[in-house]
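K.L.:
following is a predicted model, sequence given first.
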Amino acid sequence: MQESNHPKNPCGFSGTPSKKIISLKQNHLFGLAYTKGKCYSCRTAAVYILKNRRATAKTMLGITVSKKRGKAVERNRAKRIIREAFRRLYPQVKEGYIIVVVARQSCMDSTSAVVYSQLKEILDGAALLCDVTEKLS
């Protein structure tokens, strides 16, 4: 297998399509993100961001949708929409963070494009997105 000739940058972008998003599954990491992480919010979601201090610090994504938001089908749809929006942003996101996205009620009726634009604003405001020129060099 041949390795890419593109240099690595702080975002982890190597010029090739991104790998699978690492899911956050441990309950204590969710709790850590809620208590010690910085909270950013928009109309469709609240986002908790925490620096991952582990030696193998990869960016991990956790998505939560409360049972108040609807039945399982509706909650799963909201999770799919958030996951798709984050998948499009993932190549630009810096490595080494724990990101927890909590869906709000307006996310239940939103499209992936709306959630994408709002997540992009939040991650840009949190300085987690790399600049496009930095990404391509």
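P.N.:
Right, received. Where do you want to start? Numbering: from 1, shown residues only.
K.L.:
any stretches of this protein with poor pLDDT?
P.N.:
For the chain, the stretches flagged by pLDDT under 70 are 1-19, 55, 132-137.
K.L.:
can you map out the helices along it?
P.N.:
If DSSP state H is used as the criterion, the helices of the chain fall at 27-36, 72-89, 112-125, 132-136.
K.L.:
okay, the ones you listed in CSV with mean neighbour count and distance to residue 103 next?
P.N.:
Yep, even glycine has a C-beta here, placed from its N, CA and C like the rest. Formatted as CSV, the entries for these read as follows, by neighbours: other C-beta atoms under 10 Å; distance: least, C-beta to C-beta, whole Å:
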stretch, mean neighbour count, distance to residue 103
helix 27-36, 14, 14
helix 72-89, 17, 5
helix 112-125, 17, 9
helix 132-136, 11, 28
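K.L.:
pipe the ones you listed into a markdown table and attach distance to residue 58 per row.
P.N.:
Formatted as a markdown table, the entries for the helices of the chain read as follows, by distance: least, C-beta to C-beta, whole Å:
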| stretch | distance to residue 58 |
| --- | --- |
| helix 27-36 | 12 |
| helix 72-89 | 14 |
| helix 112-125 | 16 |
| helix 132-136 | 18 |
